[in-house]
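>>> task: produce atomic coordinates for the following.
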Amino acid sequence: MKISIIVAKAKNNVIGKDNQLIWKLSSDLRLFKKLTTGHHIIMGRKTYDSVGKPLPNRTSIVITRNRDLKLPEGHFVFHSFEDAIQLCISKKIEQLYIIGGAEIYRQALPLCDELIVTEVDAYPQGDVFFPEIDPNKWQEISRERFQRDEKNEYDFDFVIYKRNDQL
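Numbering: from 1, shown residues only. Below is the predicted model:
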């Protein structure tokens, strides 16, 4: 099973504030949708709350301490990251996306094969951060530049990193 983290982060590693995205990047949302549609996605409960419902045409797996959280049929609640991964292994999933937030990213980083990072050309204030990408463990394999326009608040790069031991 290939595990990919997908994240949009600022130059200062900020990924959110007050449980909300902090920029409007239409092109990034299109890329996110294109990549994750038809796949299983793992997220924390706060990320799920910010989205508000399971994303269409994806299987949501939410990790939470809340024993009372219920999701619509076909989606899953787990109380540990390890249990969520075990479900995906048992279902023989080929591709899994980790979509946030910070604590889930931290737990997934040692297990994932790929980082799909939207690097936003900004230094916003925030209260949630993505871990530093260690160049000794990760190698950039592609980068595509997007310019600020009427639908994208900032310039940004769409970057894919592979774990060094998997190149």
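>>> show the model's pLDDT score for the nearest residue to Lys151 once chain neighbours are set aside.
Counting by C-beta to C-beta, 6 or more residues apart in numbering, Ser26 is the residue found nearest to Lys151 once chain neighbours are left out, at 3.7 Å. C-beta here means a position set from N, CA and C on the backbone, and glycine is covered the same way. You'll see Ser26 listed with a pLDDT of 95.
>>> what about Ser26, distance to Arg148?
11 Å (C-beta to C-beta, to the nearest Å).
>>> worst-scoring helix or strand of this protein, pLDDT-wise?
With mean pLDDT, DSSP states H and E as the measure, the helix or strand of the chain carrying the lowest mean pLDDT is helix 45-51 (a mean of 93).
>>> could you name the helices and strands sitting against that helix?
Secondary-structure packing of helix 45-51 (3 or more C-beta pairs under 8 Å, 6 or more residues apart in numbering; DSSP states H and E): strand 59-63.
>>> next structured bit after the strand it packs on?
strand 76-78 (DSSP states H and E).
>>> run me through the strand neighbours of that following strand, direction for each.
strand 59-63 (parallel) (DSSP bridges).
>>> flag every buried residue along the partner strand.
Across strand 59-63, burial judged by 16 or more other C-beta atoms under 10 Å covers Thr59, Ser60, Ile61, Val62, Ile63.
>>> can I get those in a markdown table with pLDDT and distance to Ile93?
Listed next are the buried residues of strand 59-63 as a markdown table, based on pLDDT from 0 to 100; distance: C-beta to C-beta, whole Å:
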| residue | pLDDT | distance to Ile93 |
| --- | --- | --- |
| Thr59 | 97 | 9 |
| Ser60 | 97 | 13 |
| Ile61 | 97 | 10 |
| Val62 | 97 | 16 |
| Ile63 | 97 | 16 |
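>>> which one of these sits closest to Ile3?
Ile61 (12.2 Å; C-beta to C-beta).
>>> is it correct that Gly74 is in contact with Asn57?
No. Contact criterion C-beta atoms under 8 Å: Gly74 and Asn57 do not qualify, at 11.1 Å.
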